[in-house]
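Trainee: I'd like to go over a predicted model; first the sequence, then the structure.
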Amino acid sequence: MVSTSKPKNPNKKTRTPPTEAFAPLILYPVKLTREKTASGFNYFLETSEEELILNRSLSTKLTKEEGITLPELKYQDEDSPLIERYFKEINLALEEKNEIGKPKKWELKRWATLGIFKFGKLAIYEDTNFESWSRNPLLEKQLVQDFINGVPSNSVEDIGDMDIYQDEFEKIQLVDQIPKLIAEADSTQYKVIVKALEGKSMAIQGPPGTGKSQTITNIIGGLLVRNKKVLFAADKYTALEVVKQRLTDKNLGQYILELHNPSKSKKEFHEGLSSRLAKPQVRFLVIIMMMTLEN
């Protein structure tokens, strides 16, 4: 743990002791379970096969706000982290920051604790740190720049005519250009699916129950038929689960690779990746569907 102390009100002279804040330095995923017995509950702490995780939130805060750069954890071999050497390097970095002659502001405490720590938002922060990108997207895409800065944009792509009627539209299309729907879709949803398969960028809005996840399912299914790769990201894990289940119900679950599932270990992810790589390409599905339509 790394601790820091600061006065509750730095602008006033007070005898109130300073507040102390703590943050974990290294994290290790574990599972805490319990079993009911006649005398109460027995608790079990299970370790996983995951690697040690450095607290990137703490590291980012110290770098941005305090000018303290934490070292990287080194390994003697794959399963042997050099913890003691790492602690010495941390102490050195903190001592260089603390002012001589004053109470220590930063301190390393050799504590261990159980807790729930979430770092999902940090990944978004790191993704938008364009200093680490080879090219700055803000300099290339005005739409992205306006979106991130939260200002109205004049560079929104024209998605074209939305007066699309399914029967008339499909009469003039080649077989492989007709959207292959794997779920029901009303006229409004069909228009969105057509434009999405054309590669148009858009925002789909609607209250709960209006079929947004169903529309996304149809879009993904249509892109798979065209042998496209799809990355589906959502802020809430529930949204990912809904779309995944809809695709699984349509026998497309074998083509899904979960890149982020908080309930799965790294070993399970590797097994899922191996299983996905062993699957045939989706082009076989395209042939089957086209033959069915032609017959």
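Mentor: The structure has been received and is ready for your questions.
Trainee: for stretch 224-239, what is the distance to the chain centroid?
Mentor: Per CA atoms, centre = their mean, to the nearest Å, the displacement of stretch 224-239 from the mean C-alpha position of its chain is 12 Å.
Trainee: what about it, start to end distance?
Mentor: 19 Å (CA to CA, to the nearest Å).
Trainee: which parts of that stretch are buried?
Mentor: 224-225 (16 or more other CB atoms under 10 Å). Any C-beta I mention is one placed from the backbone N, CA and C, and that applies to glycine too.
Trainee: what segments of the stretch 51-200 of the chain are strands?
Mentor: 53-54, 75-77, 80-81, 106-108 (DSSP state E, counting those that start in this stretch).
Trainee: for the closest residue to residue 246 other than its chain neighbours, which three-state class applies?
Mentor: Nearest residue to residue 246 in three dimensions, chain neighbours excluded: residue 217, at 4.2 Å (CB to CB, 6 or more residues apart in numbering). Classification of residue 217 using DSSP: H, G, I helix; E, B strand; the rest coil returns helix.
Trainee: and for residue 42?
Mentor: What three-state DSSP gives for residue 42 is strand.
Trainee: what is the burial count for it?
Mentor: Using other CB atoms under 10 Å, residue 42 has 10 neighbouring residues.
Trainee: show the contacting residues for the closest residue to it other than its chain neighbours.
Mentor: Nearest residue to residue 42 in three dimensions, chain neighbours excluded: residue 35, at 4.9 Å (CB to CB, 6+ apart). By CB atoms under 8 Å, 6 or more residues apart in numbering, the contact list for residue 35 reads 41-42, 44.
Trainee: and residue 35, that one's in a helix?
Mentor: No. Assignment of residue 35 by three-state DSSP gives strand, placing it outside any helix.
Trainee: just want to check the distance between it and residue 43.
Mentor: Separation of residue 35 from residue 43 (CB to CB, to the nearest Å) stands at 8 Å.
Trainee: and of the contacts of residue 35, the nearest to residue 228?
Mentor: Using CB to CB, residue 44 comes nearest to residue 228 of the contacts of residue 35, at 45.0 Å.
Trainee: quick one, what contacts that closest one?
Mentor: Listed by CB under 8 Å, 6+ apart, the contact partners of residue 44 are 32-35.
Trainee: try it again with 6 Å
Mentor: Shown in contact with residue 44 (CB atoms under 6 Å, 6 or more residues apart in numbering): residue 33.
Trainee: count of residues packed around the residue nearest to residue 136 when sequence neighbours are not counted?
Mentor: Distances taken as CB to CB, 6+ apart put residue 130 closest to residue 136, at 4.7 Å, once the chain neighbours are dropped. Using other CB under 10 Å, residue 130 has 13 other residues around it.
Trainee: from memory residue 130 sits against residue 141, does it?
Mentor: No. With contacts counted by CB atoms under 6 Å, residue 130 stays clear of residue 141, the gap being 11.6 Å.
Trainee: can you count the residues close to the nearest residue to residue 221 once chain neighbours are set aside?
Mentor: With CB to CB, 6+ apart as the criterion, residue 221 has its nearest non-adjacent residue at 3.9 Å, and that residue is residue 182. Under the neighbour criterion other CB under 10 Å, residue 182 is assigned a count of 21.
Trainee: distance of residue 182 from residue 269?
Mentor: 26 Å.
Trainee: what do you get for residue 130?
Mentor: For residue 130, the distance to residue 269 equals 28 Å [CB to CB].
Trainee: got it, and residue 25?
Mentor: 25 Å.
Trainee: who's more crowded, those two?
Mentor: Set side by side, residue 25 and residue 269 show more neighbours around residue 25, with 20 against 15, by other CB under 10 Å.
Trainee: surely the more buried one touches residue 2?
Mentor: Yes. The pair residue 25 and residue 2 qualifies as a contact (CB under 6 Å) at a distance of 5.3 Å.
Trainee: confidence score at residue 244?
Mentor: On pLDDT, residue 244 comes in at 90.
Trainee: determine the number of other residues adjacent to it.
Mentor: Taking other CB under 10 Å as the criterion, the count of residues near residue 244 is 18.
Trainee: ok, now which ones touch it?
Mentor: So residue 244 contacts residue 256 (CB under 6 Å, 6+ apart).
Trainee: would you say it is within a helix?
Mentor: Yes. Remark: residue 244 belongs to a helix, assigned using three-state DSSP.
Trainee: and it, how far is that from residue 151?
Mentor: For residue 244 relative to residue 151 (CB to CB), the value is 35 Å.
Trainee: got it, and residue 233?
Mentor: Residue 233 is 23 Å from residue 151, by CB to CB.
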